[in-house]
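Visitor: Sequence below, structure please.
(chains A and B)
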Amino acid sequence: MRLLNYIIRRLLLLIPVLLGVSIIVFTLTRITGNPAAAYINEKMSQSQIDQVFERYHFDEPIWTQFIYWLQGVIQGDWGWSRTASLPVTDAILKYFPATFELTILSIIIAVVIGILLGMSSAVRRNKPFDHVTRVVSLIGVSLPIFWLALILQFVFYYQLKWFPAGGRYDISFIISGVPRFTGFLLIDSLMVGNFNLFFNGIYHLILPAVTLSFGTIAIVTRIMRNSMLEVLNLDYIRTARAKGLSDRSVIWKHARKNAMIPTTTVIGLAFGGLLGGAVLTESIFYWPGLGRWSANSIRVLDSTSVIGFCLLVAFIYVIVNLAVDVMYAYLDPRVRLG
Amino acid sequence: MEGSEIKPEAAAKGGMNIKLIAIIVVAVLVIAAVGVVLLMGGDDEPEPEATNWLDKGFKLELFYNSGNDVRALACQLMKQGLEALNPGKIDITTTGVEWAQYLELRKNGAMPAMFLGWAPDYADPDNYVQPFYHSAGTYSSMIGYFNSTLDDMIVEAQGILDLDDRAAAYEAMEMDMYEECVFIWTAQATQFHAERSWISGYYFNPMQSGLVYYSFDKPDVAPAGAPSSYDGDTFVMATIDGNPESLDTAVGYETAGGEIMQNVYENLIFYNGTSASELIPVLASEVPTVDNGGISEDGLTYIFHLKEDVKFHDGTDMTSEDVKYSLARALMLNDPHSPVWMVGQVTIPDYYSYDQGSYSGSENATFTPGIPDDVIDAAIWASDDYTIQINLTSAYPAFLYVMAYNIGGVMSKDYVEANGGISYDGFLWMYNHMCGTGPYQFVEWESSNYISMVRYDEYRDGPAAIKNVVIQQIADAATRILLLKAGDVDCAAVPRFQKADVEGVVGINVTQGIGTFNIDFLGLNQALNLTALPNPEKTNVPADFFADKNVRLAFAHAFDYAKYIDSGLKGTAIQPNGPIPMGMFGYSANIPLYDFNMTKAADFLKASDVPAVDAGAGADTVLDMIIARIEI
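Guide: Numbers count the residues shown, from 1 in each chain, chains lettered A, B, ... in the order given. Below you'll find the model as predicted:
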């Protein structure tokens, strides 16, 4: 019950957070450039340009513009995304599932590999395995992601032909029709029992997910290794060993859970970050996700899209942080929420 | 306490003494310095004030929209050419500005010179000449160019019905423009197209938006070198990132949406194959001419007879009511972003006095049309089921080309009415739904992902050879090239600077070199708003610097056209001889080109006049200023 109260209170905090974010982002989009630019092309005459200003209230004071925008948002009208050629809410519903599926898979890859590598590396401290892992994870952090994406695409698509170049599914599924209920391909394909599409979706996810997971693997490995090392030196581990528990039990049962606490924070942050979309990965693997939409919106100063996107990201971060806090309570019984 | 107080008068007196001493010391120092300078150069006569811009030199800022590397290079070449004329004295800065700022500067007339590009809406020289040279034109007013003689010539040429006379009028005008040198036309882009060699049927027409899929074919069975995913029934086009604005002919005004409209909707008349001047009937049974009675002698009335038995994709018959409805709907909406002005300005009296239709927001309940029904009815009406008549406000032979643009696409009235009609809901529906008569039917538009079409089997000239078309957005050019090389796409948009990646590759056909109608130019502002300069320290010319024709000509000859085309555009352009591009009606090869010639550039700049500075308003010397201060 206390936990539920805590969650409700944290969710209520979303309202001032989102309002604050919208004021800041709204002001910034108005300061950094003229929002009318997204509506004007090289061919328009001055009188046509003036009409645009009038229609979208760009000639009015910034706070009046904000009130217009806020009124719309309250009525469910977040404005029109010129970049997506869709209402902003529809654009989010369209792009979020693609990014979410990619994020989930890449986080799964990153967490599984990162935790295993981190733990193994800590247990084999200063052994060759540890050194190799540390070097590899250092490379992982410093590798430019677009370069990695291009290399993976070139090798695994173009040379070896093991994976597709990109997209969410094969062209043949475009012809036969893709089900759209939730926008989540893996869910929608299962809902209609189209297993070919389901597996094709996973097949298409692998290269971009691996690319995205690379940086996270490196961070998770390093954090996991460090926290494992710390935990392994604690008294209770020594006690566990002293009472004759097997190495396996000590490491997997006793040490791992405690070492997961700082790692959870990092995973949570990485998850939130990835959900905001990965511009370069999405561009190279032509993934119709949030990253490309937001980057294109920023490029043409499509202010309604930028604000909508920022609100979404703020929302995601609050939710992810809440989830991390709840995870803490699970991992460490001493942590009491509420 | 009292003793330590300083009396105000004494303080003032003391302060004055110090001020006086300081002024005297400064004055003595300055006089001494001036004396030294005079003594050092004692024998020389004081250098006379330069009377031309070559000797005097100047500072000028050139603008381009940032992110456009080719235009950045153009600015750089202009800078190199000009600075070499008088090194040290001519100082050019090139500045890239974001689109939003660019618009603001443009509005304020605050850019001395700017690189821009122009693509036509319809293939008529008036679409180039009017915006740039008529006093009311978008660009001529932007740079403060007004020439009443040219205005008269432009208006006259707009209405000449005889083609030879009209072509001669444009040639005469272009010769004037060459001599006037108001804009410097730097490059006319040529087309570059890369496709798999198993594709046949490609042709290029500069007036088309993207590809016409009806002309394409590919083998049913996978040819050698094709991947296992080869599908003879599907054409896959890898295109650049970016969504169409709309698939509604009344709204769409860009090529991504234009390509879809061009394959799904049909116009009354359209360009004949590769020709950008010859029109053929499509939904009309013939192209109206004066001879066949389709155009009245005075050029004011156009009558289109329609083909019968043409069916829309929803199975309904196409009649003159649909044609009327499509045009009227666009005029009622009267969206300022849309190309409707092309139709409106020649059919509706005082067109520009009308506002847009108020259809947006919550006002949908009471839609107020931009152009009222009765005004539209006076201009466009269906005289019988298969005849449509359009009245122009003045003779305008280019109107036929207007009708060949997307705005002239005919949509099914029944379909639109069944889906909201002329209301907010109806407009919202039609932006991503289509019902035309073309060889392809629209299937799906997945934002930022793909657009798909399927052939219309009942198409009156026989169904298209390829059943499915998928136009997939692939943001990264390197990915598009890989897909093309692997054969997973049939055609890909390859950027000019990466064309070497596909040239000479086995299995890829490249077509290039045909002129598009896209032209780059440098605008020279003759009425510079000096008070709004974004960087006043980088420009020191007077507001009417470019009003001096010699200055403009000097700029035109100081630009290395060949280098720009070879390095910046990788050879995929030609140097235009004026605003009317090669390949368009009205183009004349008799108009000379400005050559890159530094001697000529220097001569023209030498012949320019530096306006005499009014002695009273002239800059004061330091000594004058000090004396003035002392007197105060």
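Visitor: any chance you could map the strands in chain A?
Guide: A:80-81, A:86-87 (DSSP state E).
Visitor: Can you tell me which of these is most buried?
Guide: strand A:80-81 (a mean of 24; mean count of other C-beta atoms under 10 Å in any protein chain shown). All C-beta spots, glycine's among them, are computed from the backbone N, C-alpha and C.
Visitor: How many residues are close by the closest residue to B:Asn267 other than its chain neighbours?
Guide: Closest residue to B:Asn267 apart from its sequence neighbours, by C-beta to C-beta, 6 or more residues apart in numbering or on different chains: B:Gly408 at 4.3 Å. For B:Gly408, the neighbour count with other C-beta atoms under 10 Å in any protein chain shown is 28.
Visitor: Can you pull the phi/psi pair for B:Gly408?
Guide: B:Gly408 adopts backbone torsions of phi -90, psi 10, taken as degrees, to the nearest 10.
Visitor: tell me the average confidence for stretch B:588-596?
Guide: The average pLDDT for stretch B:588-596 rounds to 95.
Visitor: I'd like the strands of chain A written out as TSV, with distance to B:Arg460 and mean pLDDT added.
Guide: Putting the strands of chain A into TSV (distance: least, C-beta to C-beta, whole Å; pLDDT from 0 to 100) gives the following:
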stretch	distance to B:Arg460	mean pLDDT
strand A:80-81	37	88
strand A:86-87	34	90
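Visitor: a markdown table please, covering those strands and showing distance to B:Asn518.
Guide: Shown next, in a markdown table, are the strands of chain A (distance: least, C-beta to C-beta, whole Å):
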| stretch | distance to B:Asn518 |
| --- | --- |
| strand A:80-81 | 27 |
| strand A:86-87 | 29 |
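Visitor: right, and the residue nearest to B:Asn267 touches B:Tyr401 too?
Guide: No: contact criterion C-beta atoms under 8 Å: B:Gly408 and B:Tyr401 do not qualify, at 9.5 Å.
Visitor: returning to what we had before: in CSV: the strands of chain A, plus distance to chain B.
Guide: Formatted as CSV, the strands of chain A follow (distance: least, C-beta to the nearest C-beta, whole Å):
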stretch, distance to chain B
strand A:80-81, 9
strand A:86-87, 5
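Visitor: between those, which gets nearest to B:Asp373?
Guide: strand A:80-81 (27.3 Å; C-beta to C-beta).
Visitor: Look up the closest residue to A:Ile267, ignoring the ones flanking it.
Guide: Closest residue to A:Ile267 apart from its sequence neighbours, by C-beta to C-beta, 6+ apart: A:Val111 at 5.9 Å.
Visitor: can you tell me how far the one you found sits from chain B?
Guide: The spacing between A:Val111 and chain B, counted by C-beta to the nearest C-beta, to the nearest Å, is 28 Å.
Visitor: Closest residue of the stretch 101-250 of chain B to chain A?
Guide: B:Asn243 (4.3 Å; C-beta to the nearest C-beta).
Visitor: Would you enumerate the residues in contact with that residue?
Guide: A:Thr83, A:Ala84, A:Ser85, B:Ala256, B:Trp445, B:Ser447, B:Ser448, B:Gln473 (C-beta atoms under 8 Å, 6 or more residues apart in numbering or on different chains).
Visitor: wait, does the top helix by length along chain A make contact with chain B?
Guide: Counting by DSSP state H, the longest helix found in chain A is helix A:195-232. No: in terms of C-beta under 8 Å from any C-beta of the partner chain, no part of helix A:195-232 sits within range of chain B; the closest distance is 11.4 Å.
Visitor: Having no further points to raise, I will conclude here.
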